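A.B. asks: sharing a model that was predicted from the sequence below.
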Amino acid sequence: ARDDDKRIFTRNLRLNVLSLQEINHIDLTTLWRALNLSGSWQSGTSQGLFSDEEQDLSSFNADNRYQLLKRTLARFTQAKTFGSLIDVPSDDHEQLKELLSTLVELQESGDSMQKPAAKQLIEFVHQALVLSIRYDAVIANPPYMGSKG
């Protein structure tokens, strides 16, 4: 870049450098419940320690933010393999931006259940947000499929 433009680093550039992280062993249902974004979980309630109650996920599926998280996390199941080939639709950009803002707020001022859940999801939502933006120039390591290139 400096060969083409000696003053490139004196300009107002915003570099988005990240190493894509894979989704490993994330239980979205548990994290969603801990985030309590819909406010449907009452504080102070308890449930049996060993109960096998069937979870009603119909309210989760109705929430657009839950669906967005579900789609986003699914894209990063093999992020180390696919890398820059992962396509996050630009249509999701505004929703991802709002969700990231909400998660950052919960990480800073949420309760004891919300803070760790938000912290666990922030990096994935952030990398999806970065990939949802359309850029003028992109430099990426290609995902190599074999040892000979």
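C.D. replies: Alright, I've got the coordinates. Residues are numbered from 1 along each chain as shown.
A.B. asks: and the contacts of the host helix or strand of residue 69?
C.D. replies: Element membership of residue 69 [criterion: DSSP states H and E] is helix 64-75. With contact meaning C-beta atoms under 8 Å, 6 or more residues apart in numbering, helix 64-75 is reached by 23, 26, 28, 32, 37, 60-61, 86-88, 92, 95-96, 99, 102, 121, 124-125, 128. Heads up, the C-betas are built off the backbone N, CA and C, glycines and all.
A.B. asks: switch the cut-off to 10 Å
C.D. replies: 20, 23, 26, 28-29, 31-32, 35, 37-38, 57, 59-61, 63, 82, 86-89, 92, 95-96, 98-99, 102-103, 121, 124-125, 127-129, 131-132 (C-beta atoms under 10 Å, 6 or more residues apart in numbering).
A.B. asks: which of those residues fall within strands?
C.D. replies: Within the contacts of helix 64-75, no residue falls in strands by DSSP state E.
A.B. asks: quick one: neighbours of residue 72, just the number.
C.D. replies: 24 (other C-beta atoms under 10 Å).
A.B. asks: before we move on, what about residue 5?
C.D. replies: For residue 5, using other C-beta under 10 Å, the count is 10.
A.B. asks: residue contacts, it?
C.D. replies: residue 11.
A.B. asks: what about it, is that helix, strand or coil?
C.D. replies: Judged by DSSP: H, G, I helix; E, B strand; the rest coil, the three-state class of residue 5 is coil.
A.B. asks: dihedrals phi and psi, it?
C.D. replies: Note on residue 5: its backbone torsions stand at phi -150, psi 110 [degrees, to the nearest 10].
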